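S.K.: Sequence first, predicted model second:
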2 protein chains.
Amino acid sequence: MARRSDHAPEELKRLALEAARAIVTEEGSRGLTVRRVAERIGYAPGTIYNLFANLDDLIVQVNAATLDALAVVLVEAAQAEPRARPERLVEAYFDFVESRPRLWSMLFEHRLPEGEDLPDWYRPKLAALISLVAEALGPLMPEDSAVARQAATVTMWAGLHGISTLAVSSKLALVADTKPRALGHLLVRRMLG
Amino acid sequence: MARRSDHAPEELKRLALEAARAIVTEEGSRGLTVRRVAERIGYAPGTIYNLFANLDDLIVQVNAATLDALAVVLVEAAQAEPRARPERLVEAYFDFVESRPRLWSMLFEHRLPEGEDLPDWYRPKLAALISLVAEALGPLMPEDSAVARQAATVTMWAGLHGISTLAVSSKLALVADTKPRALGHLLVRRMLG
DNA sequence: GCATCAATTGAACGATGTTCAATTTCATAC
DNA sequence: GTATGAAATTGAACATCGTTCAATTGATGC
């Protein structure tokens, strides 16, 4: 049984990504295998390789979707009036992380094979996220030059990232009794002067 | 051929950890397998399971050693006169990360199987690191309560962690042309008010 | 020298990512 | 309707992985 026009090729890819997302959500990235994804969508393992170069490619695409979802959430938080934005952004960020801890883990813990780089289409996604925050917080930042504002934004972003990944891997709770979210607010408050 | 008194049991464990460390240093955590470690020390795969519960256990112990090495480096940096400490600590931190990027990656990217926690002896190692920084920077911090100082310290620590892991996975270079180290200094400067 | 015991082995198992020749289905042409 | 060709799908095969464990080996105590 080949060629099922059950699903157009694009549809099939969407199905596979959705299945992968579900597996990671339910049991973490360790449960994500090519065979499980195939089984879940009712195809043979080999079919996955028509849709993705390999398992790493599939993972990167799931991660990209997670990044997109984060962008949506942050865009909304950035609509708030300027002075409320820092709080809103931090809240939105941690709400997102806490609602998808396993997808979040995979997003930042997955490593490509040595020497392989993230695909070119990945960079704009990350850059868009940073720009979003930079523009939302720009009016509130003390620094004058655009370069300095960019540096401050990236630092905040990396800082939030650090807090959330340590929290998700339960390494933060080992050394702090303060909620991750509170540390995030502290960080942003200080970074904005 | 059994019982080689070539190596006492403790010595053998040390050898295995050193072999694992070398493999990760040379080719990253993806190259680390039980069979490769065994081969490298001239034993059969099964022997590794006399020394470690499983591969995850071995990895956690390599990671613990990395953490210990970081502590050594930071202790030295903390000897400086109080006002020079922030700079020195940040420099020492990034020197360390840049000198062992692959060990560093594994330290924070490795995940235990779902539901398994880090061993109990791991917590004090992390806590000691935080205390070290907290005590070194305490005199320079504007906050009054010990709780607030702890929160600020953890935030700095998590922030540096975020910056360095994004840098090591080359995600930072995608969005910032500022050197990670400079972002680290910026973060600490702001966090210390 | 013999028996005991623990360390060590390596074959075996199930599962993994990946490949690819063979098969099956669909669209098209007649 | 049927034949043809292209394309999608299959699933067996391969190498490798983590892990287990009965068998084997070497040292130790008597």
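M.R.: Yep, it's here.
S.K.: nearest spatial neighbour of the spatially most central residue of chain A, skipping sequence neighbours?
M.R.: Centroid check for chain A by C-alpha atoms, centre = their mean gives A:Leu67 as the closest residue, at 3.6 Å. Excluding its sequence neighbours, the residue lying closest to A:Leu67 (C-beta to C-beta, 6 or more residues apart in numbering or on different chains) is A:Lys125, at 5.1 Å. Bear in mind the C-beta positions are built from the backbone N, C-alpha and C, glycine included.
S.K.: do the same with A:Asn63
M.R.: Per C-beta to C-beta, 6+ apart, closest to A:Asn63 is A:Leu107, 4.7 Å.
S.K.: May I have the phi/psi pair for the residue nearest to the centre of chain A?
M.R.: Main-chain dihedrals, A:Leu67, degrees, to the nearest 10: phi -60, psi -40.
S.K.: ok, it to A:Val147 distance?
M.R.: According to C-beta to C-beta, to the nearest Å, A:Leu67 and A:Val147 sit 24 Å apart.
S.K.: Can you classify A:Glu114 as helix, strand or coil?
M.R.: What DSSP: H, G, I helix; E, B strand; the rest coil gives for A:Glu114 is coil.
S.K.: these two touch, right, the residue nearest to the centre of chain A and A:Leu107?
M.R.: Yes - checked against C-beta atoms under 8 Å, the pair A:Leu67 and A:Leu107 is within contact range at 6.8 Å.
S.K.: give me the element A:Arg149 is part of.
M.R.: Following DSSP states H and E, one finds A:Arg149 within helix A:146-168.
S.K.: So which elements touch that helix?
M.R.: With contacts taken as 3 or more C-beta pairs under 8 Å, 6 or more residues apart in numbering or on different chains; DSSP states H and E, helix A:146-168 sits against helix A:85-99, helix A:101-109, helix A:122-137, helix A:180-191, helix B:146-168, helix B:180-191.
S.K.: how about the first one against chain B, any contact?
M.R.: No - taking C-beta under 8 Å from any C-beta of the partner chain as the criterion, helix A:85-99 and chain B are apart, separated by no less than 12.2 Å.
S.K.: What's the local residue count around A:Glu76?
M.R.: Using other C-beta atoms under 10 Å in any protein chain shown, A:Glu76 is surrounded by 11 other residues.
S.K.: What sits closest to it if chain neighbours are left out?
M.R.: Leaving aside its sequence neighbours, A:Glu76 sits nearest to A:Ala92 (C-beta to C-beta, 6+ apart; 7.1 Å).
S.K.: thinking again about what came up before, check what pLDDT the residue nearest to the centre of chain A gets.
M.R.: We have a pLDDT of 96 for A:Leu67.
S.K.: Identify the residues contacting it.
M.R.: Shown in contact with A:Leu67 (C-beta atoms under 8 Å, 6 or more residues apart in numbering or on different chains): A:107, A:125-126, A:129.
S.K.: just to revisit the earlier point, got the contact list for the residue nearest to A:Asn63?
M.R.: Counting by C-beta under 8 Å, 6+ apart, A:Leu107 touches A:63, A:66-67.
S.K.: same check, this time on A:Pro45
M.R.: A:34-35, A:38.
S.K.: List phi and psi for whatever residue of chain A ends up closest to DNA strand D.
M.R.: Distances between chain A and DNA strand D by C-beta to the nearest atom of the strand are smallest at A:Gly46, namely 2.0 Å. A:Gly46 adopts backbone torsions of phi -60, psi -30, taken as degrees, to the nearest 10.
S.K.: out of the contacts of A:Leu107, who's nearest B:Ala20?
M.R.: In terms of C-beta to C-beta, no member of the contacts of A:Leu107 lies closer to B:Ala20 than A:Asn63, at 27.5 Å.
S.K.: okay, now the domains of chain A?
M.R.: Annotated domains of chain A cover A:1-52, A:56-191 [automatic domain parsing].
S.K.: which one of those has the lowest average pLDDT?
M.R.: domain A:1-52 (a mean of 91).
S.K.: Single out the residue in chain A that lies closest to chain B.
M.R.: Proximity to chain B, evaluated over chain A using C-beta to the nearest C-beta, is greatest for A:Gly162 at 2.4 Å.
S.K.: which residues touch that residue?
M.R.: Per C-beta under 8 Å, 6+ apart, neighbours of A:Gly162: B:158-163, B:165.
S.K.: Is it possible to mark the buried ones in these?
M.R.: Listed as buried from the contacts of A:Gly162 are B:158-163, B:165; burial here means 16 or more other C-beta atoms under 10 Å in any protein chain shown.
S.K.: Out of those residues, flag the one nearest to chain A.
M.R.: Checking the buried ones among the contacts of A:Gly162 against chain A with C-beta to the nearest C-beta, the nearest one is B:Gly162 at 2.4 Å.
S.K.: And for that closest one, nearest residue in space, chain neighbours not counted?
M.R.: Spatial nearest neighbour of B:Gly162, chain neighbours left out: A:Gly162 (2.4 Å); criterion: C-beta to C-beta, 6+ apart.
S.K.: ok, now how distant is that neighbour from B:Trp157?
M.R.: In this structure, A:Gly162 and B:Trp157 are 8 Å apart, going by C-beta to C-beta.
S.K.: burial of A:Ala148, as a residue count?
M.R.: For A:Ala148, the neighbour count with other C-beta under 10 Å is 14.
S.K.: near DNA strand C, anything from the helix or strand containing A:Ala20?
M.R.: Using DSSP H and E, A:Ala20 falls within helix A:9-27. No - against DNA strand C, helix A:9-27 shows no contacts by C-beta under 7 Å from any atom of the strand, the least distance being 10.3 Å.
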